[in-house]
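model the following, please.
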Amino acid sequence: MLTSHAPRARRAASGLLAVVLLTLPTAAQAAVPSTADPSGACTDPQGVTVVVDLTDLGGAVEVGCALDAATGTEALQAAGFTETRDAASMICAIDGAPDPCPETFEGSFWSYWFAAPDGQWESYLEGSDVAVPVAGHLEGWRYSDGTAGPTVEPAAVIAAAGSAATAGSDEAAETDQAEDGSAATDAAEPADAGPSPAVLGGLGLLAVLAAAAVLVGRRRLNSFGPPGQD
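Alright, predicted model coming up:
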C-alpha cells in the first residue's frame, strides 16, 4: 500500500523543489515581455484569467485575460504580464517586482496557484512551463512565503468582470438609443428646401396675367385716339 503513494510523493516533492528554485541565487537575468497590458478578467469562457498579487511588495492585485494559452507561462505573458528569468530559467520577478530579483532565498518567492471560478486557490505542484491552464478557470501568482494564494477570492474576480461587462453593455445601449433618437428628430424636421414647384408655378401664372392686363389696357387707350379728338 505504501508503494502506491510513492509516485505522488515524488511529484509533490519535485513540484515544491521547482517553486523554491524560483528564488535561488542568479548569475544572469532576462525579462520576457508580455503581449498585452492586463485588462481585467476574461469574459470569454474559453479564456484563462490570470491574477498577479503584488500586495506583499507594496503593490496591488492585477488581473488579465489570456486566450489560447498552452501553458501557465504563456497565460502569464498573454494576460499582459512581464516575467524576468534567472540563469536557471526560473521566474524571479513579474512586472519587474521584486527589483532586483533576489540573490538569496529570504523566505518569499513567486508561488503559483490555480482555481475554479467558484472554488478556492490551490497550489500547483508543477512549474508554469509545463502546467496546462483550464479554460474558464483562474491562474494565480503571489510573492509571499507560499502558504496562501492571492488575497482576492476567485469568485470576486469573476464577479467584477461580470459587473464591468454589464456596465459596458448598458453604456453602449444608452449611446445607441441617443443616436436613434437624434436620427428620428432629424427625420421629423422638414428640410428648408424653398418654395415648392406649385407655388412657383402660381407666381409665374400671376405674372403672365398681370402682363396681359397691362397690354389690354394700353390697346383700349390707343383706340380712342389722341386727347381732344372725336
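
tell me who's in contact with residue 129.
71-73 (Cβ atoms under 8 Å, 6 or more residues apart in numbering). Where C-beta positions appear, they are placed from N, C-alpha and C, glycine not excepted.

ah, wrong one, I meant residue 46
Contact partners of residue 46, counting by Cβ under 8 Å, 6+ apart, are 67, 135-136.

and the contacts of residue 129, which are buried?
Using 16 or more other Cβ atoms under 10 Å as the burial test, these include 72-73 as buried.

as CSV, the contacts of residue 46 with distance to residue 39, neighbour count and pLDDT would be great.
Output for these, formatted as CSV (distance: Cβ to Cβ, whole Å; neighbours: other Cβ atoms under 10 Å; pLDDT from 0 to 100):
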residue, distance to residue 39, neighbour count, pLDDT
67, 12, 14, 94
135, 18, 13, 97
136, 17, 15, 96
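
quick check, nearest of these to residue 154?
Taking Cβ to Cβ as the measure, residue 154 lies nearest residue 136 of those, at 11.1 Å.

name the nearest residue to the closest one, ignoring sequence neighbours.
If the residues on either side of it in the chain are set aside, residue 136 comes closest to residue 45, at 4.9 Å by Cβ to Cβ, 6 or more residues apart in numbering.

convert the C-alpha atoms of stretch 112-130 to PDB, please.
The C-alpha trace of stretch 112-130 is given here as PDB (Å, rounded to 0.1, in the frame of the first residue of the first chain):
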ATOM      1  CA  TYR A 112       1.900  29.600  -8.500                       C
ATOM      2  CA  TRP A 113      -1.800  28.800  -8.000                       C
ATOM      3  CA  PHE A 114      -5.000  27.800  -9.800                       C
ATOM      4  CA  ALA A 115      -8.700  27.900  -9.000                       C
ATOM      5  CA  ALA A 116     -12.100  27.200 -10.500                       C
ATOM      6  CA  PRO A 117     -14.400  30.300 -10.700                       C
ATOM      7  CA  ASP A 118     -16.400  29.200  -7.700                       C
ATOM      8  CA  GLY A 119     -13.500  27.500  -5.900                       C
ATOM      9  CA  GLN A 120     -10.500  28.300  -3.700                       C
ATOM     10  CA  TRP A 121      -6.900  28.900  -4.600                       C
ATOM     11  CA  GLU A 122      -4.800  25.700  -4.800                       C
ATOM     12  CA  SER A 123      -1.100  25.500  -5.100                       C
ATOM     13  CA  TYR A 124       0.400  24.000  -8.300                       C
ATOM     14  CA  LEU A 125       2.800  21.100  -7.800                       C
ATOM     15  CA  GLU A 126       4.400  21.700 -11.100                       C
ATOM     16  CA  GLY A 127       6.000  24.700 -12.800                       C
ATOM     17  CA  SER A 128       4.300  27.100 -15.100                       C
ATOM     18  CA  ASP A 129       6.300  26.000 -18.100                       C
ATOM     19  CA  VAL A 130       4.600  22.600 -18.100                       C
END
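
confidence-wise, which helix or strand of the chain is lowest on average?
Lowest by mean pLDDT, DSSP states H and E among the helices and strands of the chain is helix 6-20, with a mean of 42.

need the contacts of residue 129 in JSON lines (columns: secondary structure and pLDDT).
Formatted as JSON lines, those follow (DSSP: H, G, I helix; E, B strand; the rest coil; pLDDT from 0 to 100):
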{"residue": "71", "secondary structure": "coil", "pLDDT": "98"}
{"residue": "72", "secondary structure": "helix", "pLDDT": "98"}
{"residue": "73", "secondary structure": "helix", "pLDDT": "98"}
